[in-house]
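Trainee: make a model of this:
(one chain, ligands or ions: 2)
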Amino acid sequence: LAFVTLVTTDSYCMGATVVARSLRRHGTTRRIVVMVTPNVSEHSRFTLENMFDEVITVDVMDSKDRLHLSLLGRPELGITFTKIHCWTLTQYSKCVFLDADTLVSPLNIQQHILAAGCRMSPESMICDICHLLSGGDQGLLNSFFNSWPVADISKHLPFVYNLSASSLYSYLPAFQQFGHNAKIVHFVGAVKPWSSHRDDSSSPTMEGFVSLWWREYLSHTTSSAP
Ligand code: UDP
Ligand code: MN
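Mentor: Ligands and ions are numbered 1, 2, ... in the order given. Just a heads-up that it's a prediction; the model follows:
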């Protein structure tokens, strides 16, 4: 089993850094792998090589679905089709794909996320069934695995494994009930923790997770600075 993420642009390299560090903090014994596209700079690649067990170069795949992506307001997401290369990593018995904008929560440090990871089939990558036919990877995965929403419910991951920090922004009660159980926090949406100012948040929930993200990001960067 391997944990896999994807970086197709330099800016998401910061996100991938946090994915790797937060997984290591949980003491995982599994391989941590990043797929990168050839356009990613030498510098970013070097940074990733220092943090991941394996850096695998993959071709860009683009849905070129301008219509649906413009409806989503996220024209940049066509290239998320590149994620599909995860199915070619057949050297691993199972792959758990994590977006580069996720944080394995430090709040549940004693609870190992591998318990869920081990049961996962490749279809378990689809834990985000709300992005139907979006022109991004979720739309593709949802149409290919179209029985997923109604198929064997025991294979579905509980939503605390894909807790959307941005939807909590508009749903405070859900955060109060489930926020402390967050296992993996997902910074869905155009504004990522690394693209916003550290204190620039109007929501106490977002702010909490964004500052946890920054703490993880800076946990080694500062110590390695001259
Ligand atoms: N991604 C990337 N560069 C980009 C856009 C996306 O590397 O410019 C990768 C990255 O792994 C990211 C994933 O594709 O986490 C999905 O995109 P994103 O997380 O932005 O979508 P959202 O979760 O906001 O729907
Ligand atoms: Mn994401």
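
Trainee: quick check: the gap between residue 191 and residue 138.
Mentor: Per Cβ to Cβ, to the nearest Å, residue 191 is found 18 Å from residue 138. Just so you know, the C-beta spots here come from the backbone N, C-alpha and C atoms, and that holds for glycine as well.

Trainee: show me which residues of this protein sit near ligand 2.
Mentor: For the chain, the residues in contact with ligand 2 (Cβ under 5 Å from the ion) are 99, 101.

Trainee: quick one: low-confidence parts of this protein?
Mentor: 106-135, 167-178, 196-207, 221-226 (pLDDT under 70).

Trainee: what's the neighbour count on the residue nearest to residue 164 when sequence neighbours are not counted?
Mentor: In space, residue 164 comes closest to residue 188 once its chain neighbours are excluded; the distance is 4.7 Å by Cβ to Cβ, 6 or more residues apart in numbering. Applying other Cβ atoms under 10 Å, we find 19 residues neighbouring residue 188.

Trainee: helix, strand or coil for residue 188?
Mentor: Under DSSP: H, G, I helix; E, B strand; the rest coil, residue 188 falls in the coil class.

Trainee: related to what we said a few turns ago, neighbour count: residue 191 and residue 138, which is higher?
Mentor: residue 138 (21 against 14).

Trainee: helix or strand for the more buried one, which one?
Mentor: Using DSSP states H and E, the element containing residue 138 is helix 137-144.

Trainee: following that helix, which helix or strand shows up next?
Mentor: Later in the chain than helix 137-144, the nearest helix or strand by DSSP H and E is strand 163-164.
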